[in-house]
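A.B. asks: sequence first, predicted model second:
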Amino acid sequence: MTTACGLDFGTSNSAIGVIRDGAPELAALENGQPLFPSAIFFDFEHGRPLFGTEAIETYMTQVDGRLMRALKSILATPLVKESTFLKTQRISFESVIGLFVAEMKQRAEESLGRPIDAVVHGRPVHFVDGDAAGDRFAEDTLTVIAQSKGFRHVSFQYEPLAAARAYEAKVEAETLALICDIGGGTSDFSVIRLGPARRGIADRKDDILANFGIRLGGTDLDRHLSLDAAMPMLGLGSSLHTKNLPMPRQLYADLAHWPSINQLYTPANRRMVHELHADAVEPQKAARLKTVVDKHLGHRLALSVEETKIRLSNAPAAAIDMNFIEPGLAAMAARDRFDDAVAGERARMAAAVQETLARAEVTPNDIGTVFLTGGSSRVPALKKAIASVVSPNKFATGDDLLSVAIGLTEEARLRYG
Ligand SMILES: Nc1ncnc2c1ncn2[C@@H]1O[C@H](COP(=O)(O)OP(=O)(O)OP(=O)(O)O)[C@@H](O)[C@H]1O
Ligand SMILES: [Mg+2]
């Protein structure tokens with residue numbers, strides 16, 4: 001007999017669902033809750049990895065160690081096979097993802113009370129844009145990881161189709177739906193016929209008109225907000241005495257991007273930041289950069305920026321707290337300015353929706369419902385971008401952070417019983 005689960009390994013958040021007495025249910029992974037931040041903290045003092053909220057909270061208390069987030073975004077790149085230093089030992093990023101998957105599986109098994117050996121794994125339609133080989137490589141890597149952690153049966157489902165399953169449980173009439181799952185790393189779309197009578201049908205080939213996706217998510221928005229509002233306080237845009245050169249932009253770009261933050265802490269980079277400080281026309285700003293690099297506060301800053309981005313979804317302005325860099329330091333962020341900073345992302349979002357409809361060979365008028373899900377579907381600028389293609393009167397929402405996991409679990413029930 002197989003015992004199956006649905007696994008949503010997200011760029012920012014993960015969840016896993018199990019089947020109890022024939023019914024899908026999300027497993028409580030931490031503090032009785034199903035939502036599990038995709039974060040690992042290697043605690044150098046105690047020599048152990050911590051996961052989820054505990055990982056982020058421990059990092060925040062400035063315990064010596066290393067935080068890793070957004071690991072999904074390197075899955076389609078050769079970097080996933082490379083190893084990284086954790087104080088004295090080396091570990092590959094693939095192994096780090098393996099630790100995370102194993103931890104989720106174990107917690108789900110504890111909640112279910114028996115071993116799980118089959119998984120329906122969610123995946124974005126495209127891990128990377130325009131690189132079919134990269135997509136295959138990422139799926140193969142996830143398969144090997146899942147098998148090595150004890151899943152005998154591993155299959156995949158596109159994340160937006162999983163979200164469609166979750167939404168379909170609630171629809172009362174037939175509708176042609178555009179599913180938009182806007183997450184931390186990718187935006188994924190499906191056009192699919194949904195209806196109460198189609199709910200329990202396993203094979204939906206004939207109902208699916210198109211799947212499409214782009215690599216655009218909340219972490220991209222974080223990067224823009226950081227570069228626009230936070231990094232200028234650390235000297236971005238200011239100059240050096242030498243030849244009146246600007247402070248190097250790449251340094252700030254790396255600091256604003258989750259996967260590259262750790263690379264800034266090398267001795268060579270630290271030396272460079274100290275030299276920049278000595279040469280800076282505005283040494284107070286450069287000193288903040290030095291503090292961030294010396295004290296490894298990059299992730300702390302990225303978390304603060306992300307928090308502010310989330311608040312901007314419901315407020316015209318919000319402060320980015322940087323008190324941990326310098327007492328009282330904060331940067332103001334305004335929604336209007338943020339919308340301008342992500343103009344490129346708005347355009348890409350609208351183009352991706354158009355492309356999805358074109359692939360489905362339907363017009364915006366043919367769409368009956370737009371189901372918005374994923375944490376970044378709450379960003380007003382992105383909602384507006386989607387509304388520029390399909391009327392917002394057709395928008396419907398559900399559980400933004402869990403609908404993919406719920407749908408994957410229903411899929412697991414249909415596939416593995
Ligand atoms: N209210 C909000 N306003 C804006 N952004 C938000 C809000 N709530 C969450 N987010 C963002 O949503 C993202 C996480 O969403 P979600 O959990 O759907 O992504 P994920 O499933 O981990 O990523 P992916 O599916 O791309 O791998 C983060 O970037 C987070 O900052
Ligand atoms: Mg997701």
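C.D. replies: Okay, I see it. Ligands and ions are numbered 1, 2, ... in the order given.

A.B. asks: spell out which parts of the stretch 1-150 of the chain neighbour ligand 1.
C.D. replies: Contact residues (CB under 6 Å from any ligand atom) of the stretch 1-150 of the chain with ligand 1: 10, 11, 12, 13, 72. For every residue, glycine as well, the C-beta is placed using N, CA and C.

A.B. asks: in a strand, the second one, correct?
C.D. replies: Okay, so that is residue 11. No - membership of residue 11 in a strand is not supported by DSSP: H, G, I helix; E, B strand; the rest coil, which gives coil.

A.B. asks: how long is stretch 245-260 end to end?
C.D. replies: End-to-end distance of stretch 245-260: 24 Å, with CA to CA, to the nearest Å as the criterion.

A.B. asks: check the stretch 101-250 of the chain for the residue nearest ligand 1 and tell me.
C.D. replies: Proximity to ligand 1, evaluated over the stretch 101-250 of the chain using CB to the nearest ligand atom, is greatest for residue 218 at 1.9 Å.

A.B. asks: for the helix or strand harbouring residue 24, name the packing helices and strands.
C.D. replies: In this structure, residue 24 is located in strand 23-26 according to DSSP states H and E. The helices and strands touching strand 23-26, judged by 3 or more CB pairs under 8 Å, 6 or more residues apart in numbering; DSSP states H and E, are strand 13-20, helix 403-416.

A.B. asks: possible to save the ones you listed as TSV with mean pLDDT?
C.D. replies: Formatted as TSV, these follow (pLDDT from 0 to 100):
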stretch	mean pLDDT
strand 13-20	97
helix 403-416	97
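
A.B. asks: deepest-packed of those, please.
C.D. replies: Of all the helices and strands packed on strand 23-26, helix 403-416 has the most neighbours on average by mean count of other CB atoms under 10 Å, namely a mean of 26.

A.B. asks: show me what that helix is packed against.
C.D. replies: Using 3+ CB pairs under 8 Å, 6+ apart, the elements in contact with helix 403-416 are strand 4-8, strand 13-20, strand 23-26, strand 118-123, strand 153-158, helix 159-168.

A.B. asks: now these as JSON lines including distance to residue 239?
C.D. replies: Formatted as JSON lines, those follow (distance: least, CB to CB, whole Å):
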{"stretch": "strand 4-8", "distance to residue 239": "46"}
{"stretch": "strand 13-20", "distance to residue 239": "40"}
{"stretch": "strand 23-26", "distance to residue 239": "52"}
{"stretch": "strand 118-123", "distance to residue 239": "45"}
{"stretch": "strand 153-158", "distance to residue 239": "48"}
{"stretch": "helix 159-168", "distance to residue 239": "45"}
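
A.B. asks: to residue 346, which of those lies closest?
C.D. replies: Closest approach to residue 346 among these is made by helix 159-168 (19.8 Å; CB to CB).

A.B. asks: buried set for that closest one?
C.D. replies: Buried residues in helix 159-168, defined by neighbour count with 16 or more other CB atoms under 10 Å: 159, 160, 161, 162, 163, 164, 165, 166, 167, 168.
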